[in-house]
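S.K.: Everything below, folded, please.
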Amino acid sequence: MFGIGISSNLGKNKFNKAHHFDYQNEVAMLVGGSKAGIGESSLLNQQTPAHSGSNRPAWVAFDRQVLCFDAFFQESVQERQDEQYRVRRCKIYFYLADDTVQVIEPRVKNSGIPQGTLIRRHRIPIPNSNKFYTVDHFNVGKDVDLYSRTFKITNCDTFTRNFLTTQGVKVMASLAIPEDPYTSGRKADEASMQPLRPYEKYDTMRQFMYHDRHVLRFYCYWDDTDSLFGDSRDMILYYFLADNTIEIGEVCPPNSGRDTTPKFLRRAKLPKTIVSLHQPGEATSRTVLNIFESKGQEGRYILDSLKTGAVQTDYYTCADLLIGAVINVWGRKFILCDCDEFTKHYYQTKYDIKDFTPINYKKGKASMKPRVMPPYNGFGSEEDSLCSCMSLIPKPPRCDFKKFMEKDRRGLESNIIRFVAKLETSSAIGVDRRFVISFFLSDDTIAVFEPAQRNSGIIGGKFLERDRIKKPQKAAYGSDLSEYYHARDLYVGALVEFNKHRFILIDADEYAFRYMEKRYTEFPQANIDAIMKKLQSVVSNNAVENICEEVQRCFARNDPDATGFLNYDQFHNLLSQITQGLLSEHEIMTAARYYGEKNPNELLDVKTMMALAQQQLRRRSFENFAQLQDGFLQRDSGRTGYLNINEIEQVCRAFRLPAFNMVREVVRMMKLNEQGLLNYNELVDNINWRKNPSPAPQETEIKLDEEYTGERTDGVTRVNYDQFLQQLLVTK
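M.R.: Sure thing, here's the model as predicted:
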């Protein structure tokens, strides 16, 4: 209740309101935060505390800052004889932003009192005064009168204690709240009460929520060797942590002769020992201790809370399942041998088990005797005859269709490598005969053609029809399949035998050399790195003293003008002398081609290569030249406009630039600056077919494959032996 006081408006003649809100940039906002209130009097909530040191208003400085106090008040009870008063606990919240107060009483179970919010949030006036409660009125140990109820403050939270301490207010220690006599009596009565029908509570929800979908998996086997015709059968045991149940599934290998069943043991709790079937009412969740009836009264049931007559069944748990353990599955002996990673982590975390060595119970597979096939009878191909032995219904042999599609002729890419060969014979007529051996990469077939020679007395033409040719090491009729010639078996200097005719490969066309050099991993004779390592090993293992100086003098002796170049014949003879026949003709040709002087007619200039690159980019519709230049600019931290070749190639590869090989050749043909860097802006301008289109390159005539007669129209004429010796005699 409010007392009678003197109004604060007596003697005032100004009641105007200050202009606090206005529009700025068409936005409603506070513009008069520092102005006075009604009648030019300052408001309490406009006074900023001294500790903040800021001119901000209180509702900004103390936004979302609330002081929390624990309090109680005593309420008298007039209607009951066993209860004179009650002690009701509550919480007082003081909001610093606007000096409002809120009082909340926590709900107590079965109290019979409407609890919750006792006083809603608002500014509470001080009794017998025209002022309101502020933060100075609240502290531990103080009594606060809120609407005729006296609240005793006993404690506060950590934030409140720290805030009051920073304001210079001394906060007392927490006080004890007196016990409520009625609440204490109710608790004592509830503790002494014994229900006639006590219900047991089984808390299985906690285990289910913690271990739902958590399953331990063990690999085991059922040892059934003691029974007649019994054997070991592979099983998988699943233990469900959610409800301690076990499920077992059988692993049936193919062709085992057993029907595949979804489950060997359905999911259920597995007892450790086999128990007989219980009588009805014997195994129950509750135990009836006694039953009695009295005259005129209903029967009463007394349940045994100690379960003295209950039937206990011991089930398997996760503590019983370990690697090497033997479990009884309804009379069957199961041995656990291994587990998965989740099971290992679970046992390591819960039981601190670190040894999970699996048990190897499977015997090694008996070595199967190789299947002996009948010998080839000469009808059809060997593969076709073998297919008739593999199944009752013969099927044609499968060809490598993927290889055929990849290596078939497409446009100017013939995928045919050709070699020039001669016969290994002492006949005067056959010594001068020359043959063109064509190897078709799509199906590994070989065709031999003999060019016509004038006044030789031999009619040229097709010498061997296109077909797969067997190697001569195998017998004509046998059980094993014959081995055929492959592309890796053909190289310059190789000796091959086709149908009792022995050929020596003496040369190859330019396409064959380039094809083999491009795929040097498949053709070791065209691998320049392997050739140089072989030469270095020959030189290092040579018994001649100062072999390096001797090799240099040998090469320099054949170059009297000191030009640094030798013709191919001289280079070939010197390498043959040094290696003493350890290098094949093809390997010598590969080294000569790598270090040889290029024919100026074969070299393309920068403009032609740019035109080819633009042509490929135009066909692929590549127009992201601005993004490509931004990628170069991102690598150029100094904004110099120059990058090294490796960084330029990395950026082009990151943009998946079409015709990357041509662009790389353009990069290597362009001029570098003194630091060895390339102007990437010039490169982008050269390949930009939109802004700087280059004229289309002129088409050159290309001879058909059938016109190749084995004559070399080009080749290596001079070899740079200085560069060759620098690479060969490099010091490690």
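S.K.: would you put the C-alpha positions of the helix or strand where L237 lies in CSV?
M.R.: Assigning secondary structure by DSSP states H and E places L237 in strand 232-240. Taking Å, rounded to 0.1, in the frame of the first residue of the first chain, the C-alpha atoms of strand 232-240 are listed here in CSV:
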residue,chain,number,x,y,z
SER,A,232,34.4,-74.6,-39.2
ARG,A,233,31.8,-72.0,-40.3
ASP,A,234,32.6,-68.3,-40.5
MET,A,235,30.2,-66.1,-38.6
ILE,A,236,29.9,-62.4,-37.7
LEU,A,237,28.6,-61.5,-34.2
TYR,A,238,26.9,-58.1,-33.6
TYR,A,239,26.5,-56.8,-30.1
PHE,A,240,24.0,-53.9,-29.8
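S.K.: quick one: whichever helix or strand comes after it to strand 232-240, angle?
M.R.: Going down the chain from strand 232-240, the next helix or strand is strand 245-250, by DSSP H and E. When axes from the mean of the first three to the mean of the last three Cα atoms, to 10 degrees is applied, the directions of strand 245-250 and strand 232-240 differ by 150 degrees.
S.K.: For strand 245-250, output the C-alpha coordinates as CSV.
M.R.: Coordinates of each C-alpha in strand 245-250 appear next as CSV, following Å, rounded to 0.1, in the frame of the first residue of the first chain:
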residue,chain,number,x,y,z
THR,A,245,21.3,-57.9,-27.4
ILE,A,246,23.3,-60.1,-29.8
GLU,A,247,22.7,-61.1,-33.4
ILE,A,248,24.8,-63.5,-35.5
GLY,A,249,25.0,-63.8,-39.2
GLU,A,250,26.7,-66.5,-41.2
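S.K.: Packing partners of the strand holding L237?
M.R.: Secondary-structure packing of strand 232-240 (3 or more Cβ pairs under 8 Å, 6 or more residues apart in numbering; DSSP states H and E): strand 215-223, strand 245-250, strand 332-339. No exception for glycine: its C-beta is placed from N, CA and C like everyone else's.
S.K.: Now for the nearest residue in space to S76 that is not next to it in sequence: which residues touch it?
M.R.: Ranked by Cβ to Cβ, 6 or more residues apart in numbering and with sequence neighbours excluded, the top spatial neighbour of S76 is Y85, at 5.2 Å. Contacts were defined as Cβ atoms under 8 Å, 6 or more residues apart in numbering; by that measure Y85 touches Q74, E75, S76, V77, P181.
S.K.: Just the pLDDT for the second one.
M.R.: So the one you mean is E75. At E75, the model reports a pLDDT of 90.
S.K.: And the residue lying closest to F62 once chain neighbours are set aside, how close does it get to R56?
M.R.: Ranked by Cβ to Cβ, 6+ apart and with sequence neighbours excluded, the top spatial neighbour of F62 is L96, at 3.6 Å. Separation of L96 from R56 (Cβ to Cβ, to the nearest Å) stands at 13 Å.
S.K.: quick one: which of the two has more around it?
M.R.: Legend: neighbour count by other Cβ atoms under 10 Å for L96 and R56, higher for L96 (20 against 13).
S.K.: How many residues are close by L617?
M.R.: Here the neighbour count serves as a burial measure; for L617 (other Cβ under 10 Å) it reads 21.
S.K.: would it count as being in a helix?
M.R.: Yes. Counting by DSSP: H, G, I helix; E, B strand; the rest coil, L617 is found in a helix.
S.K.: Pretty sure it sits against C652.
M.R.: No. Counting by Cβ atoms under 8 Å, L617 does not reach C652; the two are 11.4 Å apart.
S.K.: what is in contact with those two at once?
M.R.: Residues touching both L617 and C652 by Cβ under 8 Å, 6+ apart: none at all.
S.K.: can you give me the strands for the stretch 201-350 of the chain?
M.R.: In the stretch 201-350 of the chain, strands defined by DSSP state E, counting those that start in this stretch lie at 215-223, 232-240, 245-250, 265-268, 288-292, 300-303, 326-329, 332-339, listed in chain order.
S.K.: ugh, typo on my part, it should be the stretch 451-600 of the chain
M.R.: Secondary structure of the stretch 451-600 of the chain, counting by DSSP E, counting those that start in this stretch: strands at 461-467, 495-498, 501-508, 565-567.
S.K.: Turn these into TSV, columns for distance to N244.
M.R.: Rendered in TSV, the data for the strands of the stretch 451-600 of the chain read as follows (distance: least, Cβ to Cβ, whole Å):
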stretch	distance to N244
strand 461-467	72
strand 495-498	74
strand 501-508	76
strand 565-567	87
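S.K.: got a markdown table for those, with mean pLDDT, distance to R488 and mean neighbour count too?
M.R.: Listed next are the strands of the stretch 451-600 of the chain as a markdown table, based on pLDDT from 0 to 100; distance: least, Cβ to Cβ, whole Å; neighbours: other Cβ atoms under 10 Å:
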| stretch | mean pLDDT | distance to R488 | mean neighbour count |
| --- | --- | --- | --- |
| strand 461-467 | 91 | 19 | 12 |
| strand 495-498 | 92 | 12 | 16 |
| strand 501-508 | 92 | 13 | 18 |
| strand 565-567 | 85 | 30 | 18 |
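S.K.: gap between R123 and K152?
M.R.: Here the criterion is Cβ to Cβ. By it, R123 lies 22 Å from K152.
S.K.: So those two - more neighbours on which side?
M.R.: K152 (18 against 14).
S.K.: who's in contact with the more buried one?
M.R.: Applying Cβ under 8 Å, 6+ apart, we find K152 in contact with A71, F72, F73, D143, L175.
S.K.: in a strand, that's where it is, yeah?
M.R.: Yes. Residue assignment for K152, taken from three-state DSSP, places it within a strand.
S.K.: Y477 reaches P374, doesn't it?
M.R.: No. Using Cβ under 8 Å, Y477 is not in contact with P374, being 10.3 Å away.
S.K.: returning to what we had before: for the strands of the stretch 201-350 of the chain, give me TSV that also has distance to N13.
M.R.: Written out in TSV, the entries for the strands of the stretch 201-350 of the chain read as follows (distance: least, Cβ to Cβ, whole Å):
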stretch	distance to N13
strand 215-223	85
strand 232-240	85
strand 245-250	88
strand 265-268	90
strand 288-292	90
strand 300-303	84
strand 326-329	99
strand 332-339	92
